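*Asks:* Turn this into a structure:
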Amino acid sequence: KMKPKDHSQSIVALGNRQLWEEALQLLVKGSDLDVISCNAGISACVKVQQWDQAIAVLAMMPERTVAPDTVSYNAAVTACAR
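*Replies:* Okay, the predicted model is just below:
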């Protein structure tokens with residue numbers, strides 16, 4: 001089982017390499033999601049202009065008992081603006 005910090009760092013690393021699909025796969029497989037991991041997933045989508053996927057991550061957060069924060073909403077708006 002991955003520690004939350006390692007989980008989010010892996011998602012960030014995949015996003016930085018524009019591997020958004022892999023980043024989202026890792027995100028949804030995580031059992032203990034946190035807002036940092038979800039924000040990293042949204043950011044991975046922003047980098048490759050996948051606004052619909054960014055919104056899907058944002059919508060998934062409350063379903064997985066993760067409260068979106070300002071970073072979550074700002075990243076989602078940025079995704080839609082591109």
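
*Asks:* which stretches of the chain have low pLDDT?
*Replies:* For the chain, applying pLDDT under 70 flags the ranges 1-4.

*Asks:* For it, which segments are assigned as helices?
*Replies:* 4-16, 20-29, 35-47, 51-63, 70-81 (DSSP state H).

*Asks:* Now the shortest one: buried residues?
*Replies:* So that's helix 20-29. 20, 22-24, 26-27 (16 or more other C-beta atoms under 10 Å). Every residue, glycine included, has its C-beta placed from N, CA and C.

*Asks:* and if you look at the first one?
*Replies:* Across helix 4-16, burial judged by 16+ other C-beta under 10 Å covers 7-8, 10-12, 14-15.

*Asks:* Let me know whether Gln50 touches Leu19 as I believe.
*Replies:* No - using C-beta atoms under 8 Å, Gln50 is not in contact with Leu19, being 11.7 Å away.

*Asks:* what's near enough to touch the residue sitting nearest the centre point of the chain?
*Replies:* Centroid-nearest residue in the chain, with C-alpha atoms, centre = their mean: Gly41, separated by 1.6 Å. By C-beta atoms under 8 Å, 6 or more residues apart in numbering, the contact set of Gly41 is 11, 15, 23-24, 27, 57.

*Asks:* Nearest spatial neighbour of it, chain-adjacent residues omitted?
*Replies:* Leu27 (4.2 Å; C-beta to C-beta, 6 or more residues apart in numbering).

*Asks:* Check the gap between the one you found and Ala76 for me.
*Replies:* Using C-beta to C-beta, to the nearest Å, we find Leu27 at a distance of 14 Å from Ala76.

*Asks:* Same list (the buried residues of helix 20-29) but as CSV, adding distance to Asp69.
*Replies:* Output for the buried residues of helix 20-29, formatted as CSV (distance: C-beta to C-beta, whole Å):
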residue, distance to Asp69
Trp20, 21
Glu22, 24
Ala23, 19
Leu24, 19
Leu26, 20
Leu27, 16
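
*Asks:* Which one of those is nearest to Pro62?
*Replies:* Leu27 (14.8 Å; C-beta to C-beta).

*Asks:* Would you confirm that the closest one contacts Val57?
*Replies:* Yes - under the criterion of C-beta under 8 Å, Leu27 makes contact with Val57 at 7.0 Å.
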